[in-house]
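1. sequence isn't available, so here's the structure alone:
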Ligand code: MN
């Protein structure tokens with residue numbers, strides 16, 4: 001554990017599990033996020049990413065909901081290497097489509113709280129027990145494992161809830177999940193409830209927490225303190241209403257605050273979050289923990305100095321652990337240390353005196369209310385140090401030709417001047433930009449070059465808009481940011497790439 005926090009150690013239960021099993025419901029509860037609808041292809045892409053991330057169980061969908069969801073779940077069950085789960089009510093046709101989809105695990109649920117019994121189901125306590133028992137048996141008789149949820153468990157009378165759970169256990173379900181369907185638990189209540197159930201049951205307990213009061217992650221962790229070993233989570237905390245417990249936060253808190261392991265490859269958390277952000281269309285708040293854009297950004301001068309001296313002074317989680325990068329934001333609070341670090345990152349070398357002058361300029365602009373972004377810093381630095389002249393540039397573009405055949409991959413051919421010599425190469429790629437950058441990489445023989453980030457902005461509207469491409473590119477030894485602007489997207493990308501390479505390779 002990197003966090004020497006003796007208060008956590010003082011109150012940590014002695015019987016915590018060593019490891020928990022991650023049940024991801026991004027593709028089921030997450031897809032119920034208002035405004036989110038995923039095509040089968042997108043669901044499959046996310047499912048593969050979840051499997052690579054190390055998720056143990058993927059709840060792939062609610063197959064009875066639509067034909068599209070049925071097909072998506074079936075494809076995921078066939079193609080993705082993880083335990084695949086499908087959701088069903090205690091209704092035969094729901095279970096039948098899960099069986100047809102050939103999932104590994106059927107998640108069946110029935111409301112048990114008084115409000116669900118009286119208003120939604122209009123069933124008595126005994127009728128609900130009978131329906132649950134018959135449904136569990138139906139799945140087991142068909143050779144399926146069962147994940148059973150007494151829906152709205154957290155508003156159900158405890159004695160009745162224990163009664164229903166014992167019945168499920170006697171019927172040999174593999175898991176019992178305790179959903180806080182409307183997100184009304186507090187952490188202490190969750191720990192108490194799970195401990196009480198744990199005293200009465202031997203089956204594995206899962207917890208499914210909603211974030212209506214912003215406590216989904218805390219309640220999930222409290223459930224684990226109480227003896228649950230299967231947290232239900234979603235990428236980026238997606239889910240109905242205010243969402244579900246966030247996978248990234250639960251996993252990293254388990255690891256760093258509790259010393260509980262998971263099968264998650266934490267270094268893939270950031271990229272998985274970005275993939276889900278892109279495919280779901282739901283943007284992550286900048287101040288979201290772990291994967292938000294500001295999660296590892298430092299602006300104030302004192303903090304930047306501390307972080308550069310020893311990251312742990314102002315970071316409780318290292319960006320490397322989750323596959324993110326530390327960012328030093330340039331603002332009027334920045335100190336000379338931050339400016340110097342940022343200049344290094346941009347591939348700009350400056351003397352101490354030049355750094356002082358650049359820092360003063362940044363602060364003066366800040367006092368005038370102007371936020372200095374990286375491009376401004378480059379301009380200021382070039383103004384003070386003098387531009388990296390064309391003469392110093394190792395790589396110059398002489399010619400670029402693109403070819404796209406509808407039946408074949410995009411293809412690019414480049415001619416460059418590199419270290420005074422004319423070199424040329426060609427490459428295919430998944431798209432024209434990928435092909436062009438691949439050809440440049442081959443032409444200069446620098447196969448280690450990795451494009452780490454790529455941002456495209458249209459400066460003006462319309463199809464003739466100027467494309468503004470900002471990239472982060474590295475060769476394993478240094479990473480730089482670079483920019484290119486052109487009316488053609490491929491050209492803007494190529495210019496940004498060549499600018500970046502010139503910064504990396506200079507001297
Ligand atoms: Mn839910």
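-> Everything's here; your move. Predicted, not measured: the structure shown is a model, and the values here were computed from it.

2. all helices of the stretch 101-250 of the chain, in order?
-> Counting by DSSP state H, counting those that start in this stretch, one finds helices in the stretch 101-250 of the chain at the ranges 114-115, 125-141, 158-170, 187-200, 216-226, 247-253.

3. out of the ones you listed, which is closest to residue 429?
-> helix 247-253 (30.7 Å; C-beta to C-beta). The C-beta positions use only the backbone N, C-alpha and C, and glycine is treated the same way.

4. elements contacting that closest one?
-> helix 216-226, strand 230-233, helix 269-280 (3 or more C-beta pairs under 8 Å, 6 or more residues apart in numbering; DSSP states H and E).

5. now with 10 Å, please.
-> Counting contacts by 3 or more C-beta pairs under 10 Å, 6 or more residues apart in numbering; DSSP states H and E, helix 247-253 is packed against helix 40-53, helix 216-226, strand 230-233, helix 269-280.

6. looking at the residue lying closest to residue 411 once chain neighbours are set aside now. What's its pLDDT?
-> Spatial nearest neighbour of residue 411, excluding adjacent residues (C-beta to C-beta, 6 or more residues apart in numbering): residue 403 at 4.4 Å. With respect to pLDDT, residue 403 has a value of 84.

7. nearest residue to the middle of the protein?
-> Geometric centre of the chain, nearest residue: residue 273, 1.5 Å, by C-alpha atoms, centre = their mean.

8. contact partners for that one?
-> 49, 53, 235-237, 246-248, 284, 288, 290-292, 322-324 (C-beta atoms under 10 Å, 6 or more residues apart in numbering).

9. any idea how far it is from residue 50?
-> 12 Å (C-beta to C-beta, to the nearest Å).

10. where do the contact lists of the two overlap?
-> Joint contacts of residue 273 and residue 50 (C-beta under 10 Å, 6+ apart) are 235, 247.

11. okay, now residue 384: neighbour count?
-> Residue 384 sits with 16 neighbouring residues when counted by other C-beta atoms under 10 Å.

12. so which elements touch the host helix or strand of it?
-> Element membership for residue 384, per DSSP states H and E: helix 374-385. With contacts taken as 3+ C-beta pairs under 10 Å, 6+ apart, helix 374-385 sits against helix 336-345, helix 352-367, strand 467-474, strand 479-486.

13. so in that sheet, which strands flank whichever helix or strand comes after that helix, and in what orientation?
-> Remark: after helix 374-385, the chain's next helix or strand is strand 395-403, criterion DSSP H and E. Sheet pairing of strand 395-403 (DSSP bridges) gives strand 411-418 (antiparallel).

14. in the strand it pairs with, which residues are buried?
-> 411-416, 418 (16 or more other C-beta atoms under 10 Å).

15. what does stretch 484-491 give?
-> By neighbour count, with 16+ other C-beta under 10 Å as the criterion, the buried positions of stretch 484-491 are 484-486, 489-491.

16. now do stretch 117-127
-> 117, 121, 123.

17. over to stretch 392-404?
-> 393-395, 397, 400, 402.

18. any idea which of the residues you listed the model trusts least?
-> Minimum confidence in the buried residues of stretch 392-404 sits at residue 393, scoring 78.

19. how much space between that one and residue 500?
-> Counting by C-beta to C-beta - residue 393 and residue 500 are separated by 12 Å.

20. is it true that residue 121 touches residue 150?
-> No: with contact defined as C-beta atoms under 10 Å, residue 121 does not count as touching residue 150 (12.0 Å).

21. common neighbours of the two, please.
-> Joint contacts of residue 121 and residue 150 (C-beta under 10 Å, 6+ apart) are 110-112, 128.

22. from those, which land in strands?
-> Residues of these located in strands (DSSP state E): 110-111.

23. wasn't residue 85 part of a strand?
-> Yes: using DSSP: H, G, I helix; E, B strand; the rest coil, the assignment for residue 85 is a strand.

24. could you count how many residues lie near it?
-> Residue 85 has 27 nearby residues by other C-beta under 10 Å.

25. any weak-confidence spans in the protein?
-> Scanning the chain with the threshold set as pLDDT under 70 gives 1-4, 300-301, 370-371, 373, 375, 379, 386-391, 407, 458-465, 506-507.

26. can I see the domain layout of it?
-> Here the domain assignment for the chain is 19-280, 297-385, 395-505, based on automatic domain parsing.

27. for the shortest one, the distance to its chain's centre please.
-> What it means is domain 297-385. Domain 297-385 sits 26 Å away from the centroid of its parent chain (C-alpha atoms, centre = their mean, to the nearest Å).

28. also the longest one?
-> Domain 19-280 has its average C-alpha position 19 Å from the chain's average C-alpha position, going by C-alpha atoms, centre = their mean.

29. what about it, how long is it end to end?
-> End-to-end span of domain 19-280 (C-alpha to C-alpha, to the nearest Å): 30 Å.

30. same thing with the shortest one?
-> Start and end residues of domain 297-385 are separated by 27 Å (C-alpha to C-alpha).

31. my read: residue 320 touches residue 326, true?
-> Yes: counting by C-beta under 10 Å, residue 326 is a contact partner of residue 320 at 8.8 Å.

32. now do the shared contacts for the two.
-> Joint contacts of residue 320 and residue 326 (C-beta under 10 Å, 6+ apart) are 296, 311.

33. ok, now which ones touch residue 198?
-> Shown in contact with residue 198 (C-beta under 10 Å, 6+ apart): 15, 205, 226-229.

34. and if we set it to 6 Å?
-> By C-beta atoms under 6 Å, 6 or more residues apart in numbering, the contact set of residue 198 is residue 227.

35. what of residue 82?
-> Here residue 82 is in contact with 51, 55, 58 (criterion: C-beta under 6 Å, 6+ apart).

36. ok so the second one is a helix residue?
-> Think residue 55. No: counting by three-state DSSP, residue 55 is not found in a helix; it is coil.

37. ok, the residue nearest to it when sequence neighbours are not counted - how many residues close by?
-> Nearest in space to residue 55, with sequence neighbours left out and distances taken as C-beta to C-beta, 6+ apart, is residue 24 at 4.4 Å. Using other C-beta under 10 Å, residue 24 is surrounded by 30 other residues.

38. same thing with residue 339?
-> There are 29 residues near residue 339, going by other C-beta under 10 Å.
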